[in-house]
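Chemist: The following block contains a protein sequence and its predicted model.
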Amino acid sequence: MIVCVAVVGHQNNPLYIQSFTEADDALKLHHIVHCSLDVIDERVNNPKKSGTTLNEAFLGLLYPTLNYKVYGYLTNTKVKFIMVTTDLDVRDTDVRSFFRKFHAAYVDAVSNPFHVPGKKITSRTFGESVGNIVRSYTFN
Amino acid sequence: MAPVGPRSGDAIFSSIDRVNAELFTLTYGAIVRQLLTDLEEVEEVNKQLDQMGYNIGIRLIDEFLAKSGVSRCVDFKETAEMIAKVGFKMFLGVTASVSSWDADGTCCSIILEDNPLVDFVELPDTCQGLYYCNVLSGVIRGALEMVSMKTEVTWTRDVLRGDDAYELQVKLLKQVAEEYPYKDDE
Amino acid sequence: MVREVAESCVDTMLMEMVAMYSGRFYANKPELAARRIEAIGYQVGHQLSERYTMERPRFSDHLEAIKFICKDFWSEVFKKQIDNLKTNHRGTFVLQDNKFRWLSRVSVEPSPEKETEDPSTPGESKAAQAVSMYLYFPCGIIRGVLSNLGIPCAVSADISSLPTCSFVIRVKA
């Protein structure tokens, strides 16, 4: 199951972060998200080392921890999407499709004329659709 | 009596030049936001959006009459139906319905279930008094004035404000005789 | 299915937006009107770039992003591509549209509500002023797109040979 998702702006400013566990591990998850940003920067600056196609938005598995797998996605507008899951046997195609939906929800949210670029996304509609997308994916 | 115009605007909409609605929706949104920044008073923004709509209505009525083949001099009841069934379809690609006529047929409601102006829009708490779609009421008022109907158009329901549909009340104030528009000046 | 509206809705809305800012609000301060119109375009470009780049891999350099504007972006917004792209390879790009759709569809006469002619300005230069005011909107759009793609720049329009319109992009170092 997906336990945490985040959207991070091009200056590594958090735009949205939400955890989906009942356990009291929000802080730990936020820390994992934070660490993954460096991994993304490194991936993008040294594209040859990564296994993904050059410049594809989907960055694949950023790093595994003991209990989690962390995936990343980077848009043309330098916005980072991060997803943390407890599922261990995950297919890339499913993760790709998850990120595409997550990305589409983000694009709609920033199309609101009252959204200020670079500011946190407070839209309730966005929160709800992300929740629905997250709940519709169990990778195992 | 011959029908005053087409029953719906579907055929016209499919034959005219159309563009991706995103450009339209986002441009309108950017205008509203810029007006809020420049004018500060929400009431004044409502007024300017209405004025902008009025000027657009004045321009669009000719295209509406030319492409719909609607004959002029129809009564207010038929006019309201034409706006809802043909006008909204041919310009915005959505259908509207007319209801809530008063006894003497001079006041009705136009109801929109779908509205491309508000795709993506969520009003912030700071502009609760804003009639975001006020351009539409202005368009109707401006267009009707060009066919000699003076109207008052007000919002009675607005989804952005928590209602279940978009509803405009259109009230006929005065109908000027069409045949002799310049009589007084002669 | 892609949602569509009549093109005349966009045309009349843009005309009235320009008339509102340059005629009603800032009639005597054209530079302020220009800045507001450009800002409206900028927001639209910023948001459209987010939507229209969704399905594509990240651009690896400035030229790739500019080519995206010339082809895909222009096609989405204007139903045709840019006709000619020139660059000096030092950060200046000239995008030439031989028949810029908005100039051919948009009339620049003042709105029907105010028909008083100012005798001090001949009609021709007034029309030219209105056109250049109007062009701040597409310039803002282009700047908004590029800035969201990480390319800060200045954009201006050249209409010295109508109906050709050239957009000059100067990337900030």
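Modeler: Yes, it's here. Numbering: from 1, shown residues only, chains lettered A, B, ... in the order given.
Chemist: Now residue B:59: which helix or strand?
Modeler: Remark: residue B:59 resides in helix B:42-68, with elements defined by DSSP states H and E.
Chemist: buried sites along that helix?
Modeler: Using 16 or more other Cβ atoms under 10 Å in any protein chain shown as the test for burial, helix B:42-68 gives B:42, B:45-61, B:63-65, B:67-68. Quick note: C-beta positions are derived from backbone N, CA and C, even for glycine.
Chemist: in chain C, what secondary structure element scores lowest on mean pLDDT?
Modeler: Scoring the helices and strands of chain C by mean pLDDT, DSSP states H and E places helix C:101-105 at the bottom, with a mean of 81.
Chemist: what comes into contact with that helix?
Modeler: Under the contact criterion Cβ atoms under 8 Å, 6 or more residues apart in numbering or on different chains, helix C:101-105 has outside partners C:7, C:11, C:14, C:78-80, C:131, C:134, C:138, C:159, C:162-163, C:165.
Chemist: For chain B, state which of the residues you listed is nearest.
Modeler: Of all the contacts of helix C:101-105, chain B sits closest to residue C:7, with 4.1 Å by Cβ to the nearest Cβ.
Chemist: ok, now which ones touch that closest one?
Modeler: With the criterion set at Cβ under 8 Å, 6+ apart, residue C:7 makes contact with B:16-19, C:105.
Chemist: Out of those residues, which is nearest to residue A:58?
Modeler: residue B:19 (31.3 Å; Cβ to Cβ).
Chemist: Check which helices and strands the strand or helix carrying the closest one sits against.
Modeler: Using DSSP H and E, the element containing residue B:19 is strand B:18-20. Contact analysis of strand B:18-20 by 3 or more Cβ pairs under 8 Å, 6 or more residues apart in numbering or on different chains; DSSP states H and E lists strand C:4-6, helix C:7-19, helix C:74-78 as its packing neighbours.
Chemist: Tell me how many other residues surround the residue nearest to residue A:88 when sequence neighbours are not counted.
Modeler: Closest residue to residue A:88 in three dimensions, ignoring its sequence neighbours and counting by Cβ to Cβ, 6 or more residues apart in numbering or on different chains: residue A:69, at 6.8 Å. Number of residues near residue A:69 (other Cβ atoms under 10 Å in any protein chain shown) recorded here: 19.
Chemist: Residue numbers of chain A in contact with chain C?
Modeler: Residues of chain A found near chain C, taking Cβ under 8 Å from any Cβ of the partner chain as the criterion, are A:10, A:53-57, A:74-78, A:103-104, A:107, A:110-111, A:113, A:117.
Chemist: Keep only those of the residues you listed that are in strands.
Modeler: Using DSSP state E to define strands, the subset of the residues of chain A next to chain C located there is residue A:74.
Chemist: In chain B, what residue lies closest to chain A?
Modeler: Counting by Cβ to the nearest Cβ, chain B gets nearest chain A through residue B:29, at 2.8 Å.
Chemist: can the helix or strand encompassing that residue be found next to chain C?
Modeler: Mapping residue B:29 onto the secondary structure by DSSP H and E places it in helix B:21-39. Yes. With Cβ under 8 Å from any Cβ as the criterion, chain C is reached by helix B:21-39 at B:21-24, B:26-31, B:33-34, B:38.
Chemist: For these, work out which two are farthest apart.
Modeler: Set against one another by Cβ to Cβ, the residues of helix B:21-39 next to chain C have their most distant pair in B:21 and B:38, with a gap of 25.6 Å.
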